[in-house]
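*Asks:* Turn this into a model:
(one chain, ligands or ions: 2)
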Amino acid sequence: MTKPYISIVIPVYNEADNLETLYQRLTSAMDEYGKTYEIILVNDGSRDNSAAKLNELHQRRPKQIRVIHFNGNFGQHMAIIAGFEKVRGDITITLDADLQNPPEEIPKLVQAIEAGHDYVGGVRKNRQDTWFRRNASKLNNLIRERITGIVMTDQGSMLRAYKKNVIDLMVASKEASTFIPALAYSYSSNPTEIEVEHSARAAGESKYSVYKLLRLNFDLMTGFSLIPLQVFTVFGMLVSLLSTLFVVYMFIRRLIVGPEAEGLFTLFAILYFLVGILLMGLGIVGEYIGRIYKEVRKRPRFVVREVLEQLEDQ
Ligand code: UDP
Ligand code: MG
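*Replies:* Ligands and ions are numbered 1, 2, ... in the order given. This next block holds a predicted model:
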């Protein structure tokens, strides 16, 4: 019976300056909590000193700290999936390496799982991010809810807990790109949310540019819903209907009033508007084709270079 009760999965990308503090705070919070646990750190192709630092952490507690080194940068969500493939605990926790998610909050999440929920999402209290990030999130939440039907107060928080059966299902869905908080929702039968503290990044800078965030959200919308495509079908039908009415009107007008040549630029304005919508529609179709392309290519979602672990039963 060497299996730990709790598995903690942490993606790491260029976080060398945070790892020591993370280790100290995480292990002291968990040691104090007193339940058995393991920590799985996934190095997502860091180019700073993180790899060496992670190896050192593994040396300190070889039976408790497992390290997975990726061959390159495959993204936060792939790093977490790689960790999920390895978890042994009944309860899995995810959190960020930059100490924005206080490790001291983990017991709260565990208690919610023990109370009978199979998925617990952390909602960041007084979120410590820029004004722009906070407001972009609000707008994004609204759109996501409409499109994917996934109601979640805080999709950006990675401080979350999952029961083993939800983890197994997430590992079994082999999509080329995914969004963990939403994926977990689609498999959980009794999810809940609790408030958790949030801090400013301890050291280093955010790995998400505006563009990367935008991409992540396209992946989320197209990965979890067909509504963006369906909206275009409906829009196309509406435009066709209106144009038909317009043609009939113009025909009758011509018989009664005669030909018209005015309103050229109004026509252009309408045309440009429609061309714009059309291009956007093409882009959306492209997003889905891109996803299909990634799937049929069947390349590995991530490549593991090395795994450091010392499982007791080996
Ligand atoms: N991360 C990762 N791969 C990436 C980008 C980020 O593993 O390509 C990790 C990062 O090291 C951190 C977590 O994902 O542990 C969240 O990243 P970050 O703090 O930059 O995101 P933010 O808090 O700004 O949303
Ligand atoms: Mg962060």
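
*Asks:* Up against ligand 2, what does this structure have?
*Replies:* Applying CB under 5 Å from the ion, we find that the chain lies next to ligand 2 at 96, 98, 100. Glycine gets a C-beta too; all of them are placed from N, C-alpha and C.

*Asks:* Which stretches in the chain count as helices?
*Replies:* With DSSP state H as the criterion, the chain has helices at 16-33, 50-60, 76-84, 106-114, 131-148, 164-172, 180-187, 210-224, 227-256, 264-297.

*Asks:* deepest of these, which one?
*Replies:* helix 76-84 (a mean of 23; mean count of other CB atoms under 10 Å).

*Asks:* Export that one to PDB, keeping only CA atoms.
*Replies:* Listed next in PDB are the C-alpha coordinates belonging to helix 76-84 (Å, rounded to 0.1, in the frame of the first residue of the first chain):
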ATOM      1  CA  GLN A  76       0.500  24.100 -20.100                       C
ATOM      2  CA  HIS A  77      -2.400  21.900 -20.800                       C
ATOM      3  CA  MET A  78      -0.300  19.100 -22.400                       C
ATOM      4  CA  ALA A  79       2.100  19.300 -19.500                       C
ATOM      5  CA  ILE A  80      -0.800  18.700 -17.100                       C
ATOM      6  CA  ILE A  81      -2.100  15.800 -19.200                       C
ATOM      7  CA  ALA A  82       1.300  14.200 -19.100                       C
ATOM      8  CA  GLY A  83       1.200  14.500 -15.300                       C
ATOM      9  CA  PHE A  84      -2.300  13.100 -15.300                       C
END
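
*Asks:* related to what we said a few turns ago, columns mean pLDDT on top of the helices of the chain, output as TSV?
*Replies:* Output for these, formatted as TSV (pLDDT from 0 to 100):
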stretch	mean pLDDT
helix 16-33	98
helix 50-60	98
helix 76-84	98
helix 106-114	98
helix 131-148	90
helix 164-172	98
helix 180-187	96
helix 210-224	90
helix 227-256	91
helix 264-297	92
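
*Asks:* do you know which of those helices lies nearest residue 310?
*Replies:* Among those, the nearest to residue 310 by CB to CB is helix 50-60 (8.3 Å).

*Asks:* returning to that earlier point: compare the residues of the chain next to ligand 2 and tell me which is most surrounded.
*Replies:* residue 98 (25 neighbours; other CB atoms under 10 Å).

*Asks:* quick one: the closest residue to that one other than its chain neighbours from residue 18, how far?
*Replies:* Using CB to CB, 6 or more residues apart in numbering and skipping the chain neighbours, the partner closest in space to residue 98 is residue 201 (4.7 Å). According to CB to CB, to the nearest Å, residue 201 stands 8 Å off from residue 18.

*Asks:* Contact residues of the stretch 151-300 of the chain facing ligand 1?
*Replies:* Within the stretch 151-300 of the chain, the positions near ligand 1 by CB under 6 Å from any ligand atom are 156, 206, 207, 208.

*Asks:* redo that, cut-off 5 Å
*Replies:* Residues of the stretch 151-300 of the chain lying close to ligand 1 (CB under 5 Å from any ligand atom) are 206, 207, 208.

*Asks:* Which members of those residues are classed as buried?
*Replies:* Using 16 or more other CB atoms under 10 Å as the burial test, those include residue 207 as buried.

*Asks:* Any chance of the residues of the stretch 151-300 of the chain next to ligand 1 in TSV with distance to residue 22 and pLDDT as columns?
*Replies:* Below are those laid out as TSV (distance: CB to CB, whole Å; pLDDT from 0 to 100):
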residue	distance to residue 22	pLDDT
206	16	91
207	15	92
208	19	91
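
*Asks:* which among the residues of the stretch 151-300 of the chain next to ligand 1 gets closest to residue 216?
*Replies:* residue 208 (7.5 Å).

*Asks:* Test my guess that the closest one contacts residue 214.
*Replies:* No - here residue 208 does not reach residue 214: they are 9.8 Å apart, not a contact under CB atoms under 8 Å.

*Asks:* list the contacts for the closest residue to ligand 2 within the stretch 151-300 of the chain?
*Replies:* Ligand 2 sits closest to residue 201 of the stretch 151-300 of the chain, with a gap of 5.2 Å, by CB to the ion. Residue 201 makes contact with 98, 99, 100, according to CB atoms under 8 Å, 6 or more residues apart in numbering.

*Asks:* Does the second one touch residue 199 like I think?
*Replies:* This means residue 99. Yes - when contacts are counted by CB under 8 Å, residue 99 is listed as touching residue 199 (6.2 Å).

*Asks:* Looking at these two, which one has more neighbours?
*Replies:* Ranked by neighbour count (other CB under 10 Å), residue 99 and residue 199 place residue 99 first, with 20 against 14.

*Asks:* Look up the closest residue to the more buried one, ignoring the ones flanking it.
*Replies:* residue 202 (4.0 Å).

*Asks:* Now for the one you found, how many residues are close by?
*Replies:* 15.

*Asks:* Save the helices of the chain as TSV, and put in distance to residue 124 too.
*Replies:* Shown next, in TSV, are the helices of the chain (distance: least, CB to CB, whole Å):
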stretch	distance to residue 124
helix 16-33	18
helix 50-60	24
helix 76-84	16
helix 106-114	13
helix 131-148	10
helix 164-172	21
helix 180-187	12
helix 210-224	16
helix 227-256	27
helix 264-297	28
